[in-house]
Structures are given as structure tokens and as C-alpha cells.
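In: sequence and predicted structure, then a few things I'm wondering about:
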Amino acid sequence: MNLATTPRLRIGFLLAPRFTLSAFATFVDVLRLAADDGDGSRPIRCRWTVLSRDMTPIQSSCGIKIQPEEPLGDPSRFDYIVTVGGLIDPATTLSPEAAAFLKRAAEARVSLAGICTGVFALARCGLMDGYRSCVSWFHHEDFLSEFEKMRPVSDQIFVVDRDRLSCSGGVSAAHLAAFLVDRHIGRAAARKALSILMIDEALTGDRPQPGLPLELTARDPLVRRALLAMQQNLHAPLSIARIARDLGVGRRKLERHFSADLGVPPADASIRIRLAQARLLLRQSSHTITRIAEETGFCDASHLIRVFREATGVTPDQWRQSEQGMTTEG
């Protein structure tokens with residue numbers, strides 16, 4: 001195969017200070033395994049490079065540094081500019097030069113991607129306005145606190161919205177990279193890359209994010225996404241109709257899926273999740289019942305007490321005293 005062959009996929013990487021090394025490495029590994037026959041790793045079908053304003057090594061969140069390969073230059077030489085984020089801290093924002101480079105890329109109609117918290121960097125540049133942004137469930141509240149008018153997608157592993165792509169980080173970076181390989185090089189190359197990385201199959205972007213602890217364990221992807229939406233909005237519960245609408249289905253369909261998978265209606269599942277959080281706060285904090293009611297979406301303390309007693313047979317205060325007694329005995 002001729003190394004002079006024009007690559008079908010060209011990607012430039014911007015690494016934020018204290019970026020997540022695993023997300024970057026996983027994304028790149030899919031590219032290198034798809035770029036060449038076998039495990040040759042030659043950048044033939046696709047090419048990638050790490051960009052920088054001054055070529056200074058960039059330190060990841062784990063301390064390992066990556067040496068950039070090219071200056072920022074003209075963004076139109078790439079099909080995608082991928083920004084990899086990591087720690088959320090004022091000191092980890094992109095440089096003004098990198099932010100300007102991203103804006104030039106957007107003006108040149110180069111697609112932009114945010115990996116892990118890289119979508120925060122794009123949003124800070126105003127480049128996610130009007131686009132859906134995929135954010136890890138772990139950083140859902142961080143995103144809301146910084147971008148009050150934007151509603152992050154935290155129930156999918158990645159999101160492709162026209163010329164903006166974002167993913168939640170971790171192994172989802174591999175699936176987004178495989179999506180791009182499939183789009184530009186072919187499905188066989190994407191499958192090959194994932195197989196070598198010991199990843200069973202390519203997952204679509206709407207696959208629910210794993211890892212968020214839930215009171216209920218669901219197998220149905222639609223039900224899992226609904227449960228995540230409930231947990232991410234504990235303090236201000238969404239109506240079941242709203243959740244169904246956000247998921248693109250009718251309320252009746254959502255109720256049927258809950259019944260088949262969990263044997264309970266969505267409203268009951270929401271109560272169980274909020275009660276589980278109330279128990280956690282009773283056990284691990286000294287918050288008043290009124291504050292716990294506020295944080296778990298109940299109207300007031302009386303409402304929480306009534307629902308809690310119906311579910312457990314005791315009041316929240318009695319439950320807390322019982323838990324404290326067990327801890328003391330232990």
C-alpha cells in the first residue's frame with residue numbers, strides 16, 4: 001500500500017491541560033488500527049496529529065506528557081478537530097490561540113468534536129450553541145452550573161449533531177472513533193479496530209451510559225435512559241410525559257417498556273429512586289428532613305415523611321436513628 005495515498009479521514013487533536021489520557025489513547029488506537037492492514041499502524045487510510053500553539057509538551061491528568069507534532073496552522077487541512085478535555089478547573093481551559101483556532105475551524109466548516117470534558121471547551125467558545133452536547137453523568141451538574149441555558153445529554157455514550165460530535169469519555173471514545181472510521185473508511189475497518197482492542201461490538205451513540213448507580217436495574221435501553229433522566233433531575237423531577245417526549249417516544253410506549261422490564265410504572269420507579277437518595281442522605285449526612293425533601297424533589301418535609309412511611313413503615317427520623325444504632329453496634 002502506498003504511503004502517499006490521500007487519507008480518507010484526517011483528524012487534528014487539541015489536548016486541554018490535564019486532559020484524560022485514556023480517552024485520547026483509546027480514540028487514537030481505533031484510528032491507528034483502522035488506518036493500515038493488519039497491525040502495521042501506518043497512517044494510510046487515516047491520519048492524526050496533535051496540535052499546539054507552541055509545541056510545549058501537554059501534561060495529562062495522570063501526569064504523563066504528550067509532545068505535540070504540528071502548530072495550529074490552517075484548520076481546513078483536517079476533516080475533524082477533536083478537543084480532549086479532562087479535569088474541570090479554571091487552569092485547564094484552552095489557550096486564547098487554541099480557542100481562536102477552533103472558531104476558525106467552525107468558520108471553515110470543519111467538524112468539531114469534544115471528548116470527555118472537551119465539550120466544555122467547545123461550549124466556552126460558544127461553539128455548542130444550538131447543538132446537543134453529550135456529557136458524562138458524572139459531570140452533568142458541573143455542565144449545568146457553568147452553562148445554565150444548555151441542557152446536556154447524559155443518557156447516551158455519544159452524540160452526533162450535524163457538524164458537532166461529543167462523547168462522555170472513557171471507552172465511549174472508542175465507539176465515537178469507530179463511528180467516524182465506519183463513516184469514512186468502512187464498517188470492516190471499524191470492526192477490525194474494535195476487535196483488536198477486545199471490544200465486542202460497535203455501539204451506537206444512543207446506547208445508555210454505563211456506570212451510574214441506580215436503585216433499579218434495567219436491561220431495556222429505553223428504560224435505562226429514562227431512569228438516568230430521573231436520577232439526574234432528583235431535585236426537580238420531570239413529568240413522565242416530559243421524559244417520554246425527551247426520549248422521542250409516547251408516554252404509553254414508555255409505560256409499556258417499564259412494565260415489561262421492571263414490572264412497575266415510571267412514576268413508581270421515580271419515587272423509588274428519590275427514596276433511595278433520601279435514605280443515602282439520611283445515612284451519610286446531618287441534613288434536616290426539610291432539606292432532604294428539597295434535594296430529592298418532594299414538595300416539603302410532610303410529603304417526604306408520608307411517602308417514606310408508606311414505603312418503609314417508619315418515618316425518616318426513625319429510619320436514621322435505626323441506621324445510627326446499627327453503626328454504633330458495629
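Out: Received, thanks.
In: quick one: the strands in the stretch 51-200 of the chain?
Out: Secondary structure of the stretch 51-200 of the chain (DSSP state E, counting those that start in this stretch): strands located at 58-59, 65-66, 70-71, 80-84, 111-115, 158-161, 164-167.
In: okay, these in TSV with mean pLDDT and distance to residue 19 next?
Out: Heads up, the C-betas are built off the backbone N, CA and C, glycines and all. Putting the strands of the stretch 51-200 of the chain into TSV (pLDDT from 0 to 100; distance: least, CB to CB, whole Å) gives the following:
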stretch	mean pLDDT	distance to residue 19
strand 58-59	96	7
strand 65-66	97	8
strand 70-71	96	17
strand 80-84	98	5
strand 111-115	97	9
strand 158-161	95	17
strand 164-167	96	14
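In: for those, which one sits closest to residue 99?
Out: With CB to CB as the criterion, residue 99 lies closest to strand 80-84 of these, at 10.0 Å.
In: can you pull out the low-pLDDT segments for the chain?
Out: 1-4, 91, 208-215, 326-330 (pLDDT under 70).
In: other residues contacting stretch 89-103?
Out: By CB atoms under 8 Å, 6 or more residues apart in numbering, the surrounding residues in contact with stretch 89-103 are 14, 16-18, 51, 53, 72, 75, 81, 83, 85-86, 112, 121-122, 124-125, 127.
In: hang on, residue 14 in a helix?
Out: No: Residue 14 is assigned strand when assessed by DSSP: H, G, I helix; E, B strand; the rest coil, not a helix.
In: any idea how far residue 310 is from it?
Out: The gap separating residue 14 from residue 310 is 53 Å, by CB to CB, to the nearest Å.
In: helices of the stretch 201-330 of the chain, residue ranges please.
Out: Shown for the stretch 201-330 of the chain, the helices assigned by DSSP state H, counting those that start in this stretch span residues 221-231, 240-246, 251-261, 266-284, 289-295, 301-312, 316-329.
In: winner for burial among these?
Out: helix 221-231 (a mean of 22; mean count of other CB atoms under 10 Å).
In: what is that helix packed up against?
Out: helix 240-246, helix 251-261, helix 266-284 (3 or more CB pairs under 8 Å, 6 or more residues apart in numbering; DSSP states H and E).
In: need those in CSV with distance to residue 290, can you?
Out: Shown next, in CSV, are the helices and strands packed on helix 221-231 (distance: least, CB to CB, whole Å):
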stretch, distance to residue 290
helix 240-246, 26
helix 251-261, 31
helix 266-284, 12
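In: hmm, back to that, export the strands of the stretch 51-200 of the chain to CSV and append columns for distance to residue 300 and mean neighbour count.
Out: Shown next, in CSV, are the strands of the stretch 51-200 of the chain (distance: least, CB to CB, whole Å; neighbours: other CB atoms under 10 Å):
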stretch, distance to residue 300, mean neighbour count
strand 58-59, 49, 18
strand 65-66, 52, 14
strand 70-71, 59, 12
strand 80-84, 44, 26
strand 111-115, 40, 27
strand 158-161, 37, 20
strand 164-167, 38, 28
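In: of the ones you listed, which is nearest residue 105?
Out: With respect to residue 105, and counting by CB to CB, the nearest of the strands of the stretch 51-200 of the chain is strand 80-84 at 4.9 Å.
In: any idea how the chain splits into domains?
Out: Taking automatic domain parsing as the criterion, the chain consists of the domains 9-196, 213-330.
In: out of these, nearest to residue 206?
Out: domain 9-196 (5.2 Å).
In: for residue 10, which of the strands of the stretch 51-200 of the chain is the nearest?
Out: strand 80-84 (7.6 Å).
In: so which of the helices of the stretch 201-330 of the chain is nearest residue 204?
Out: Closest of these to residue 204 is helix 221-231, at 9.7 Å (criterion: CB to CB).
In: which parts of the stretch 51-200 of the chain are helices?
Out: Using DSSP H, counting those that start in this stretch, the helices of the stretch 51-200 of the chain run over 96-107, 118-124, 140-146, 172-184, 187-196.
In: which one of those helices lies nearest to residue 271?
Out: Closest approach to residue 271 among the helices of the stretch 51-200 of the chain (CB to CB): helix 140-146, 21.0 Å.
In: give me the contacts around that closest one.
Out: 88, 119, 120, 123, 124, 133, 135, 150, 151, 152, 154, 232.
In: before we move on, what about stretch 129-136?
Out: 114, 116-117, 119, 122-123, 143, 150, 152-154, 156-159, 161-162, 164, 166-170, 205, 209.
In: give the PyMOL command for selecting the buried subset of the residues you listed.
Out: Typed into PyMOL, the line below selects the buried ones among the contacts of stretch 129-136, using 16 or more other CB atoms under 10 Å:
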select buried, resi 114+116+117+119+122+123+143+150+152+153+154+156+157+158+159+164+166+167+168+169+170+205+209
